[in-house]
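Peer 1: Mind looking at a prediction? Sequence and model below.
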Amino acid sequence: MSRVNLTGGSYVARSLSVAAQRCLNLYPEPLPTAEGEPVQFAHFLTPGLKVQATGSGVSRCAYQTTQGDALFVLGPNVYLMNATGGLSVIGTISDGYGQVRMCDNGTTLFIVDGAPSGGWYCSLPSKSGETGYGTLIQISDDAFYGSPTIAILDTFFLFVNPDTTNWYTSAAQFADEATTPFDSLYVASDTTSLTTLSAIEVVGQTIWIFGRSQIEFWYDAGASDFPFARIPGVTLEVGCLSPYSIAKVPTSAAAPNGGIMWLGIDKGGMSRVYFGEGNVGKPVSTFAVDGALQAMGDLSGAIGNVYQQAGHIFYVLTIPGALSSWVYDVSCDLWHERCSLAGDTESQIRPLNWTAAYGRIWGADHTNGNIYEIAIEALDDAGSPIKRQRAFPHLVPNGNRAIHRRLMLDMQNGRFGSVHVDWSDDRGATFNIGCDLTIGSSGNSWPTLWRLGMARDRIYRLTWAANIRTALMGAFIDVEPVAS
């Protein structure tokens, strides 16, 4: 029998006749073939959800403070969650559904919501686990103009002035409006593209200023009149489509000094996903991912989150209302999809804003106030099954029809759960009813189907939602070509 390798991530081309390899709620991990392993990739289960706490309001932000605390904004409420899941409200901000962003300088927490007067701050406790957060105060300083995002460099909070070409900073080590007021002269402009600025972030020691169609880079020059200066002669000819799609990437083999990802837009108005580090960037979305995103319509509300689990660094791109999220594995340069289930229907994944704290990964629900632990050991979404699917590459034996005598799955066994196998003989346009295969509980079980008919071009597909621990390495196929 011939082995069918699953050598990459999700790739569903514009024409299914080219490629229909959907990879849903599974992520590929390359294996050390140089050390004798027989397959190139294993597909592991994406994590499930465990309810840890329940607040009130929809998710608007998740953040880990410099001391290590987990903070969430649900509706108007700003919650502190301790390591055991206990919630306490540290203050309130504007009500609504729009995203907000947080940042702190070690002593002061600052929150922005994009509105001209949408800024709040409070003092932080001296260390993690303490409840001594100060009163959350709405800022009234005339030199604060609002901002959709917030960043920090060398104790300066950094902001963009909404709907303008300007960005600005706080005083160094901002504490409150009385002792460290904003300076109306601490303002700079986009000096090259002169486009409206949408977001700001810091990668290492470099400030990224995101415009509609270009990115500028600045650094701390230490000048007395304005601390920052533009890096001359360096820009990226791409903008930012959604300020909330921006997420920082931790140090890894793919980004030795850390990096950044965002949903960008070029001057032609087309969206792509980009990865950057230092002061360089490149698109990382495939043609298939670009096509899927560009077919979704309005992407201005896209939200990006980055987390690290089991050695992989994942960028999760969610478009509110879309039926699935696109996830980029920075460690492997591969994409896959994730979704939740509403009954039997695919729907938006439950976590909208993610953060790490207390050695675990957390996500806040997009509708109901739940805060989940996003855990590898969880095999369902807080009691709801997780649909997992992997479609195989086209099997076209020299252009002739072939008799498919046997299909044998190379798959880890898992407590007698079942996997549904179906296939398409019209190049991915439709799939037949298929049948279920039982996965053994342990030992050397090789689920097998016999007498599978004849086809010239066949695509096999595996789908399951059983609460089983498994891994998919591929399949073996016994195919006999015929002379027609």
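Peer 2: Received the coordinates, thanks. Numbers count the residues shown, from 1 in each chain.
Peer 1: Verify the assumption that residue 292 is located in a helix.
Peer 2: Yes. Counting by DSSP: H, G, I helix; E, B strand; the rest coil, residue 292 is part of a helix.
Peer 1: That one and residue 12 touch, don't they?
Peer 2: Yes. Contact criterion CB atoms under 8 Å: residue 292 and residue 12 qualify, at 7.2 Å. C-beta here means a position set from N, CA and C on the backbone, and glycine is covered the same way.
Peer 1: Helix, strand or coil: sort out residue 244 for me.
Peer 2: Under three-state DSSP, the three-state class of residue 244 is helix.
Peer 1: Provide a list of residues in contact with it.
Peer 2: By CB atoms under 8 Å, 6 or more residues apart in numbering, the residues touching residue 244 are 99, 101, 148-149, 301-304.
Peer 1: And for residue 281?
Peer 2: Residues in contact with residue 281 (CB under 8 Å, 6+ apart) are 215, 236, 238, 260, 274-275.
Peer 1: please redo it, this time with the cut-off set to 7 Å
Peer 2: Neighbouring residues of residue 281 by CB atoms under 7 Å, 6 or more residues apart in numbering: 236, 238, 274-275.
Peer 1: How about residue 205?
Peer 2: Contacts of residue 205 by CB under 7 Å, 6+ apart are 153, 219-220.
Peer 1: what about the helices in the chain?
Peer 2: 287-294 (DSSP state H).
Peer 1: Can you tell me the centre-most residue of it?
Peer 2: residue 316 (1.0 Å; CA atoms, centre = their mean).
Peer 1: what about the nearest residue to that residue once chain neighbours are set aside, how many neighbours?
Peer 2: Among residues not flanking residue 316 along the chain, residue 305 sits closest, at 4.7 Å (CB to CB, 6 or more residues apart in numbering). Other residues lying near residue 305 total 23 when counted by other CB atoms under 10 Å.
Peer 1: thought residue 305 was touching residue 248?
Peer 2: No. Applying CB atoms under 7 Å as the test, residue 305 and residue 248 come out as separate, 10.3 Å apart.
Peer 1: Name the nearest of the contacts of residue 205 relative to residue 174.
Peer 2: Minimum distance to residue 174 across the contacts of residue 205 is 12.7 Å, recorded for residue 153 (CB to CB).
Peer 1: Okay, and the beta partners of the closest residue in space to that closest one that isn't next to it in sequence?
Peer 2: When the adjacent residues along the chain are set aside, residue 153 lies closest to residue 202, with 4.8 Å between them (CB to CB, 6+ apart). When assigned by DSSP bridges, residue 202 has beta-bridge partners residue 207.
Peer 1: One more: residue 475?
Peer 2: Counting by DSSP bridges, residue 475 forms beta bridges with residue 4, residue 409.
Peer 1: OK, contacts around it?
Peer 2: Neighbour list for residue 475: 4, 407-410 [criterion: CB under 7 Å, 6+ apart].
Peer 1: Okay, now the unreliable bits of the stretch 201-350 of the chain?
Peer 2: Counting by pLDDT under 70, the stretch 201-350 of the chain contains no low-confidence residues.
Peer 1: The nearest residue to residue 406 once chain neighbours are set aside: neighbouring residues, count only.
Peer 2: Excluding its sequence neighbours, the residue lying closest to residue 406 (CB to CB, 6+ apart) is residue 478, at 4.0 Å. By other CB under 10 Å, 15 other residues sit near residue 478.
Peer 1: so how many other residues sit close to the residue lying closest to residue 27 once chain neighbours are set aside?
Peer 2: For residue 27, ignoring the flanking residues on the chain, the nearest one in space by CB to CB, 6+ apart is residue 336 at 5.2 Å. When neighbours are defined as other CB under 10 Å, residue 336 has 24 of them.
Peer 1: show me the contacts for residue 134.
Peer 2: Residue 134 makes contact with 122-123, according to CB under 7 Å, 6+ apart.
Peer 1: what about it, distance to residue 242?
Peer 2: For residue 134, the distance to residue 242 (CB to CB, to the nearest Å) stands at 32 Å.
Peer 1: So residue 317 versus residue 24, what's the distance?
Peer 2: Here residue 317 is placed at a distance of 15 Å from residue 24 (CB to CB).
Peer 1: Who has more neighbours out of those two?
Peer 2: Neighbour totals were compared for residue 317 and residue 24, and residue 317 leads with 26 against 19 (other CB under 10 Å).
Peer 1: so the more buried one sits right up against residue 262, yeah?
Peer 2: No. With contact defined as CB under 7 Å, residue 317 does not count as touching residue 262 (9.3 Å).
Peer 1: Mutual contacts of these two, please.
Peer 2: Common contacts of residue 317 and residue 262 (CB under 7 Å, 6+ apart): 245, 304.
Peer 1: Surely residue 162 touches residue 149?
Peer 2: No. Using CB under 7 Å, residue 162 is not in contact with residue 149, being 10.3 Å away.
Peer 1: ok, these two, which is more surrounded?
Peer 2: The residue with more neighbours, out of residue 162 and residue 149, is residue 149; 22 against 19, by other CB under 10 Å.
Peer 1: residues contacting that one?
Peer 2: Contact analysis of residue 149 by CB under 7 Å, 6+ apart lists 101, 160, 199-201, 243, 246.
Peer 1: OK, contacts around the closest residue to it other than its chain neighbours?
Peer 2: In this structure, residue 149 finds its nearest non-sequential neighbour in residue 199, 4.5 Å apart by CB to CB, 6+ apart. Shown in contact with residue 199 (CB under 7 Å, 6+ apart): 148-149, 160, 210, 240, 243, 246.
Peer 1: can you rerun that using 8 Å?
Peer 2: Residue 199 neighbours (CB under 8 Å, 6+ apart): 148-149, 160, 210, 240, 243, 246, 262.
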